[in-house]
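> Pasting a predicted model and its sequence here:
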Amino acid sequence: MSLLKRIEKGQQPQEQPSKLEELRLRRQPMTPSREPLVDIKKLVQDRLIAEMDPNMDVTANAAEVRETIEELFQTILAQENIVLSRAERAKLFEQIVAEILGLGPLETLLADESITEIMVNGPKHIYIERQGRIERVDMTFQDNDHVRRIIDRIVAPLGRRIDESSPMVDARLQDGSRVNALIPPVSLVGPTLTIRKFAKKALTTDDLVRLGTITPEALEFLRACVMARMNVVISGGTGSGKTTLLNILSSFIPEDQRIVTIENAAELQLRQEHVVTLESRPANIEGMGEITMRDLVINSLRMRPDRIVVGEIRGGEALDMLQAMNTGHDGSLTTCHSNGPRDTLARIETMCLMAGMDLPLRAIREQVSSALNLIVHQSRMRDGTRKIVNVTEVQGMEGDVIVLSDIFMFEQTGVEDGKVIGRLKPTGLRPKFMEEIEKANIKLPPDIFGASFHFR
């Protein structure tokens, strides 16, 4: 018996008319209004979900399920004598398909390329970020269970879980968009969902220059640093564009090198062919099987990598990353949350202590100063734009202090119509590792560091 026949057999109203039937009796034929359309949508969804095999993989059987939904949809419209225009019928059908096969109300937001972030604060409050500004949208879920179904649909294909014993999860969509979800009892407003969207078309170096994120001179310098195998940390706050910049810088890695990427939730979009992508894994319901970022960094050293790219360091893996940089794996890239270049060093020191090694602070600082060559700090400005504000060289140790030197700094000249006006300018100082760049047969024009740069 087909799914449609089972539904019709088990769900026909017998004793009392449904809300839709009452509306039909009141007004024939029923013309579309907001409430009946919502009722039609809910009726089809409820009847279909109630009869569907809970273990059915709707993704694998998408074509069959879509056909079944369409049959049931047409049947209910005929039974209830509901009159809809062709456009309204198509719109309602696509909404129902999105609920069963997709991500429900989020499908429309995910399709809008102008939206960069989606924030669901419980079933009735959905916000988006567009052009750096947060705004609320006139869109809701039915209830907490509705949000939970969408979250489960996202995390299940990744082999991850979310329940009361594990109420937080990091995941990703098929296009690589980053997802974070929380449910009660951690969240007191109901299930929450945050999606950092990835553009369907990845940003290029030309896009960064056009958007004012970086200048051509600074971009040329960073290209030379990556090609000459300098170790680079990209720092910044949440939403400042660190991952986007990491993708751009990684594109400068030559095609003939083996790259190993390590992430909590895989979202990097490297364009080279020889890339091995590793992803950490949380413990299962028995508390077994966890694979941490540290495990992956350590294992990557046995994989003959030319470059190691860590999506973000946030714990003890920072120490293993520094040791990899200091043991022949030059040209590694990573990102780190911080408020500035000096804060980046302080955070890395703290994360090294989180590794559990009883190391003196000076030993950690020597590791940091020896491993890192460059810190690129990015910031989200007051107007919502992302700009690189510091390109800073890590020069070495003087006493117990790590010496930093800014090669480029953002100089803000004012604000016009709410837009931050300024430019990333060279400081006139020439980095000490220029000799390494020249050894790699990379030639940079002298005036890239300013009209009158200083040798040191």
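Right, received. Where do you want to start?
> Low-confidence stretches in the stretch 301-450 of the chain?
For the stretch 301-450 of the chain, no stretch is flagged by pLDDT under 70.
> Nearest to the middle of this protein, which residue? Look it up for me.
Arg178 (2.8 Å; CA atoms, centre = their mean).
> residue contacts, it?
Taking CB atoms under 8 Å, 6 or more residues apart in numbering as the criterion, Arg178 is in contact with 170, 172, 195-196, 198, 243, 265, 267. All C-beta atoms are positioned from the backbone trio N, CA, C, and that covers glycine.
> Can you pull the domain assignment for this structure?
3-101, 106-196, 205-449 (automatic domain parsing).
> Show the end-to-end separation of the second one, please.
The distance separating the two terminal residues of domain 106-196, taken as CA to CA, to the nearest Å, comes to 13 Å.
> Then stretch 309-325?
Using CA to CA, the two ends of stretch 309-325 sit 11 Å apart.
> what separates it from the chain centre, distance-wise?
Offset of stretch 309-325 from its chain centre (CA atoms, centre = their mean, to the nearest Å): 19 Å.
> Could you do stretch 165-179 as well?
9 Å.
> what's the answer for stretch 77-96, then?
Worked out by CA atoms, centre = their mean, stretch 77-96 lies 36 Å from the chain centre.
> Over to stretch 383-400?
24 Å.
> how many other residues sit next to Ile82?
When neighbours are defined as other CB atoms under 10 Å, Ile82 has 23 of them.
> separation between it and Lys425?
Ile82 sits at a distance of 65 Å from Lys425 (criterion: CB to CB, to the nearest Å).
> list the contacts for the nearest residue to Gly418 once chain neighbours are set aside?
In space, and not counting its chain neighbours, Gly418 is closest to Asp383: 5.5 Å by CB to CB, 6 or more residues apart in numbering. Asp383 sits next to 132, 415, 418-420 when contact means CB under 8 Å, 6+ apart.
> In a strand, Arg223, correct?
No. Arg223 sits outside any strand when classified using DSSP: H, G, I helix; E, B strand; the rest coil, being helix.
> residues contacting the nearest residue to it once chain neighbours are set aside?
Closest residue to Arg223 apart from its sequence neighbours, by CB to CB, 6+ apart: Phe252 at 4.9 Å. Residues near Phe252 by CB under 8 Å, 6+ apart: 222-223, 226-227.
> try it again with 7 Å
Neighbouring residues of Phe252 by CB atoms under 7 Å, 6 or more residues apart in numbering: 223, 226-227.
> got JSON lines for those, with neighbour count, pLDDT and distance to Leu101 too?
As requested, these are exported to JSON lines (neighbours: other CB atoms under 10 Å; pLDDT from 0 to 100; distance: CB to CB, whole Å):
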{"residue": "Arg223", "neighbour count": "17", "pLDDT": "95", "distance to Leu101": "43"}
{"residue": "Val226", "neighbour count": "20", "pLDDT": "95", "distance to Leu101": "41"}
{"residue": "Met227", "neighbour count": "16", "pLDDT": "94", "distance to Leu101": "45"}
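> Touching, Met397 and Val368? I think so.
No. Met397 is beyond contact range of Val368, at 9.2 Å (criterion: CB atoms under 7 Å).
> between the two, who's got more neighbours?
Val368 (23 against 15).
> hey, where'd the strands end up in the stretch 101-250 of the chain?
Using DSSP state E, counting those that start in this stretch, the strands assigned to the stretch 101-250 of the chain run over residues 115-121, 126-130, 133-136, 168-172, 178-182, 192-196, 232-236.
> Need the winner for burial among these.
Ranked by average neighbour count under the criterion mean count of other CB atoms under 10 Å, these are headed by strand 232-236 at a mean of 26.
> gap between that strand and the chain center?
Worked out by CA atoms, centre = their mean, strand 232-236 lies 17 Å from the chain centre.
> Could you check how many residues crowd around Lys42?
When neighbours are counted by other CB under 10 Å, Lys42 comes out with 15.
> pretty sure it is in a helix, no?
Yes. Lys42: assigned to a helix according to three-state DSSP.
> how about the one helix or strand Glu436 maps to as PDB, C-alpha atoms only?
Secondary structure assignment for Glu436, by DSSP states H and E: helix 434-439. The C-alpha trace of helix 434-439 is given here as PDB (Å, rounded to 0.1, in the frame of the first residue of the first chain):
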ATOM      1  CA  MET A 434      62.500  39.600   3.900                       C
ATOM      2  CA  GLU A 435      65.600  37.600   3.400                       C
ATOM      3  CA  GLU A 436      63.600  34.400   3.500                       C
ATOM      4  CA  ILE A 437      61.100  35.800   0.900                       C
ATOM      5  CA  GLU A 438      64.000  36.700  -1.400                       C
ATOM      6  CA  LYS A 439      65.500  33.200  -1.000                       C
END
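> That one: which residues count as buried?
For helix 434-439, the neighbour count (16 or more other CB atoms under 10 Å) marks 434, 436-437 as buried.
> And those, which is closest to Asp330?
Closest approach to Asp330 among the buried residues of helix 434-439 (CB to CB): Glu436, at 9.1 Å.
> wait, isn't that closest one in contact with Ala228?
Yes. At 5.5 Å, Glu436 and Ala228 qualify as touching, with contact defined as CB under 7 Å.
> returning to what we had before: between the contacts of Arg178, which sits nearest Ile285?
Nearest member of the contacts of Arg178 to Ile285, counting by CB to CB, is Asp170, at 17.4 Å.
> what bridges to that closest one?
Asn180 (DSSP bridges).
> How much space separates it from Leu158?
Asp170 is 10 Å from Leu158, where distance means CB to CB.
> Asn299 now?
20 Å.
> ok, these two, which is more surrounded?
More crowded of Asn299 and Leu158, by other CB under 10 Å: Leu158, with 17 against 13.
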